[in-house]
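A.B. asks: Task: produce atomic coordinates for the following.
(2 chains)
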Amino acid sequence: MNAPDPAPLTRDTLATGLARDRFPLLARRVGDQPLRYLDTAATSQKPMAVLTALEEYYRHTNSNVHRGLNTVAAEATEAYEHCRSRVAAWVNAPDPRGVVITRGTTSALNQVARGLAHHLQPGDRVLLSEMEHHANLVPWQMVARERDLELRFLPVTDQGTLDLDQLDVLLDERTRVVSLVHVSNVLGTINPIAAIAARAQAVGARMVVDAAQTAGHLPLDVQALGADYTVFSAHKAYGPMGLGFLVSTPDRLADLEPYEGGGEMIEWVHLDHSTWAEIPHRFEAGTPNVAAAAAFPAALDLLAELGPETIRCHEEALTAYALERLQDLGGMTIYGPDRAADRGGLVAFWDPEVHPHDLSTVLDQYGVAVRAGHHCAQPLHRRLGVPATTRASFGVYNHRADVDALIDGIVAARKVFGF
Amino acid sequence: MMDGPMDALYREVVLDHHRHPRGARPLDDYDVQAAGKNPSCGDEVTLQVRFGDTDRIDAVGVLSQGCAISTSSGSMMAELIEGRSIGEVKELAARFKQVMHGDEFPVDVDLGDLEALEGVKKFPVRIKCALLPWITLLDAVLAHREGREPDPVNTEGLTDDGRPMDVTLEERK
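C.D. replies: Predicted coordinates for the structure are as follows:
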């Protein structure tokens, strides 16, 4: 427990891959190769400080929240509520009571879709896009079927951006909700949410933004984004799994009908009816992931040590380098905007010579962990005209050598396949 | 580092089937058509099967869209099953599945080029790729016999007793 303080992380040391030392899993090997983890868009690795905090919670503070009157229970409750305030401050939420702690982004999106459903009438419109993750499609499909809503979709241009010219056509006074991804988990595209939110709100629609790929990677200021509801997970931002956030304002949350009933979310319960707890607790039925909430501030400390701008610069530089090296290979279809400045820290591509699964298997022999498949965005892959893509995504621990290993692996795979 | 497992997985025979898949043309006339998909990875295969008079497979079209393992397995299957009886085809499928799940290649049954896919068993996540065309074929045969449309097949997920789907190949009677 008395390990020396880790070397400080700065813009310069990040570029050398120094942050890797903070993440114990990255010391492991795959076969005889060091692990090159390029799948942070699926989930990030966890720094030692988060692992220590998780263990410390279970060793020292474990108890249920908002229930006990004993010391340990009070400390657990304090740790849980501390996470809420830290997250509120981190994303510039106007009021910590506007932060709902959820199981993740998916659960938060379901919470919003279900929560708004009772306001929606048959024929009301929900505007989504072709680049959405399944988590921002399926909950709306479920609500649309129940409430007889019309789902509309902003098309994706050949450049991998939202076709905003279609906004005038698709957005009208029957549109009650607009729900879009901020950073596409396949294209990398950073969507102009603030401008779209203003348009949506001007016709009386509520704006929801899926910021799963933003949190921990790009500066995230919910007031600047301008959405009514912003959702993201902890686990892509170096925090534990099973924890996410729905960030809004108490007023906007008051419009949501609670989606799960049970303990914790109630005020008074009678045999045949109940009243709800105050906001935001009415959206947090059952025992939450207190350990994850207690540990997440350790990840936020790491993010604060670096600062959002430094992290963004680091990922942007890596993305630019990966784009350049992939282009140089020739014959590769790379999806999304050309400029790294217009993208999050990930690159998905299609190599006509080697199917993504085969490529992924070969890369694994080089210790390079990428994702191959549809990345929970089947409609987008239909739009792109390929069944699957290979995706490399970056975090604070990656550096240029990881991209070099990726490129070497692709060259080797092409050789295996005789190209 | 590329010797060993990669060479064992992507043997020249496998790559040849992948580049020049056999039976990869639609049939003008078939008795049953079945579709298999592995949703998580996007592998897809469409099979068209024409039966002869004595319950033998007269012709098969194997239209694959997927990785080298699934397309080559489908191509090898096309080579292997034409002219075989349904009983023989079921036996071949069961044997191949047993090999994928760890058995040695049988000496009493000729699995043709499928032998070249033995390396797949060292890559557990890829076994479902190799089995996709076979499981799709079994459902096509079964559906034809029962006079119904084949179900869409996939080799992912769990069976009702909690085992991985592809393990239950031999139980599909």
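A.B. asks: Could you point out the longest helix of the chain?
C.D. replies: Unless you meant another one, I'm taking chain A. When chain A is parsed with DSSP state H, its longest helix is helix A:308-329.
A.B. asks: nope, chain B
C.D. replies: Chain B, longest helix under DSSP H: helix B:127-146.
A.B. asks: Briefly note if that one comes near chain A.
C.D. replies: Yes - Helix B:127-146 is in contact with chain A by Cβ under 8 Å from any Cβ of the partner chain, via residue B:129. Backbone N, C-alpha and C define where each C-beta goes, glycine included.
A.B. asks: you'd agree residue A:243 is up against residue A:107?
C.D. replies: No - contact criterion Cβ atoms under 8 Å: residue A:243 and residue A:107 do not qualify, at 9.8 Å.
A.B. asks: Give me the more crowded residue out of the two.
C.D. replies: Comparing residue A:243 with residue A:107 by neighbour count (other Cβ atoms under 10 Å in any protein chain shown), the higher total belongs to residue A:243, at 26 against 20.
A.B. asks: Point to the residue nearest the middle of chain B.
C.D. replies: In chain B, the C-alpha nearest the mean C-alpha coordinate belongs to residue B:134, at 2.5 Å (Cα atoms, centre = their mean).
A.B. asks: Would you mind measuring from that residue to residue A:357?
C.D. replies: Counting by Cβ to Cβ, to the nearest Å, the separation of residue B:134 from residue A:357 is 17 Å.
A.B. asks: Could you tell me the average pLDDT over the host helix or strand of residue A:362, please?
C.D. replies: Using DSSP states H and E, residue A:362 sits within helix A:356-365. Averaged across helix A:356-365, pLDDT comes to 95.
A.B. asks: quick one: it near chain B?
C.D. replies: Yes - applying Cβ under 8 Å from any Cβ, one finds helix A:356-365 in contact with chain B at A:356, A:357, A:358, A:361, A:362, A:365.
A.B. asks: Show the contacting residues for the residue in the stretch 51-200 of chain A that chain B sits nearest to.
C.D. replies: Using Cβ to the nearest Cβ, residue A:134 is the residue of the stretch 51-200 of chain A that sits closest to chain B, at 10.9 Å. Neighbouring residues of residue A:134 by Cβ atoms under 8 Å, 6 or more residues apart in numbering or on different chains: A:376, A:377, A:378.
A.B. asks: Could you pull up the residues touching the second one?
C.D. replies: Right, the one you point to is residue A:377. A:131, A:132, A:133, A:134, A:184, A:185, A:186.
A.B. asks: Top of these by number of neighbours, please.
C.D. replies: Busiest of those [other Cβ under 10 Å] is residue A:184, holding 32 neighbours.
A.B. asks: Does that one touch residue A:130 like I think?
C.D. replies: No - the pair formed by residue A:184 and residue A:130 falls short of the contact definition of Cβ under 8 Å, at 10.0 Å.
A.B. asks: Please tell me how far residue A:251 sits from chain B.
C.D. replies: From residue A:251 over to chain B the distance is 40 Å, taken as Cβ to the nearest Cβ, to the nearest Å.
A.B. asks: what about that residue, neighbour count?
C.D. replies: Around residue A:251 there are 11 residues (other Cβ under 10 Å).
A.B. asks: next one: residue A:28
C.D. replies: Number of residues near residue A:28 (other Cβ under 10 Å) recorded here: 10.
A.B. asks: Report the contact partners of the closest residue in space to it that isn't next to it in sequence.
C.D. replies: In this structure, residue A:28 finds its nearest non-sequential neighbour in residue A:35, 5.5 Å apart by Cβ to Cβ, 6 or more residues apart in numbering or on different chains. The contact partners of residue A:35, taken as Cβ under 8 Å, 6+ apart, are A:25, A:26, A:28, A:29, A:367, A:369.
A.B. asks: Relative to the whole chain's centre, how far out is the host helix or strand of residue A:252?
C.D. replies: Using DSSP H and E, residue A:252 sits within helix A:250-254. The chain centroid and the centroid of helix A:250-254 are separated by 23 Å, computed with Cα atoms, centre = their mean, to the nearest Å.
A.B. asks: immediately after that helix, which helix or strand?
C.D. replies: According to DSSP H and E, the helix or strand after helix A:250-254 is strand A:266-269.
A.B. asks: can you pull the buried residues of that next one?
C.D. replies: Neighbour counts over strand A:266-269 (16 or more other Cβ atoms under 10 Å in any protein chain shown) mark residue A:266 as buried.
A.B. asks: Low-confidence regions, chain A specifically.
C.D. replies: Chain A contains residues with pLDDT under 70 at A:1-4.
A.B. asks: now, the most widely separated pair of the contacts of residue A:35?
C.D. replies: The largest separation in the contacts of residue A:35, counting by Cβ to Cβ, is between A:25 and A:367 at 12.8 Å.
A.B. asks: Who has more neighbours out of the two?
C.D. replies: The neighbour comparison of residue A:25 against residue A:367 (other Cβ under 10 Å) goes to residue A:367, with 20 against 13.
A.B. asks: And the helices in chain B?
C.D. replies: B:5-9, B:12-19, B:68-81, B:86-100, B:127-146.
A.B. asks: Those: which one's closest to residue A:72?
C.D. replies: Closest among the helices of chain B, using Cβ to Cβ: helix B:127-146, at 46.5 Å.
A.B. asks: What is the distance between that closest one and the centre of its chain?
C.D. replies: The answer for helix B:127-146 is 7 Å, by Cα atoms, centre = their mean.
A.B. asks: ok, back up a step: got the contacts of residue A:377 as TSV, with secondary structure columns?
C.D. replies: Listed next are the contacts of residue A:377 as TSV, based on DSSP: H, G, I helix; E, B strand; the rest coil:
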residue	secondary structure
A:131	coil
A:132	coil
A:133	coil
A:134	helix
A:184	coil
A:185	coil
A:186	coil
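A.B. asks: ok, which residues in chain B are in contact with chain A?
C.D. replies: Contacts of chain B with chain A, taken as Cβ under 8 Å from any Cβ, map to B:1-2, B:5-6, B:9-10, B:15, B:19, B:39-44, B:65-69, B:123, B:126, B:129.
A.B. asks: 7 Å instead, please
C.D. replies: Neighbours of chain A within chain B, by Cβ under 7 Å from any Cβ of the partner chain: B:1-2, B:5-6, B:9-10, B:15, B:40-42, B:44, B:65-68, B:123, B:126, B:129.
A.B. asks: still on that earlier bit, winner for burial among the helices of chain B?
C.D. replies: helix B:68-81 (a mean of 26; mean count of other Cβ atoms under 10 Å in any protein chain shown).
A.B. asks: how about the strands in the stretch 151-300 of chain A?
C.D. replies: For the stretch 151-300 of chain A, strands defined by DSSP state E, counting those that start in this stretch occupy the ranges A:175-181, A:206-210, A:229-233, A:244-247, A:266-269, A:274-276.
A.B. asks: closest to residue A:63 out of those?
C.D. replies: strand A:266-269 (19.9 Å).
A.B. asks: and that closest one, C-alpha only, in PDB?
C.D. replies: Taking Å, rounded to 0.1, in the frame of the first residue of the first chain, the C-alpha atoms of strand A:266-269 are listed here in PDB:
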ATOM      1  CA  ILE A 266     -40.300   6.200  -2.600                       C
ATOM      2  CA  GLU A 267     -41.500   8.500   0.100                       C
ATOM      3  CA  TRP A 268     -44.600   6.800   1.500                       C
ATOM      4  CA  VAL A 269     -45.800   3.400   0.500                       C
END
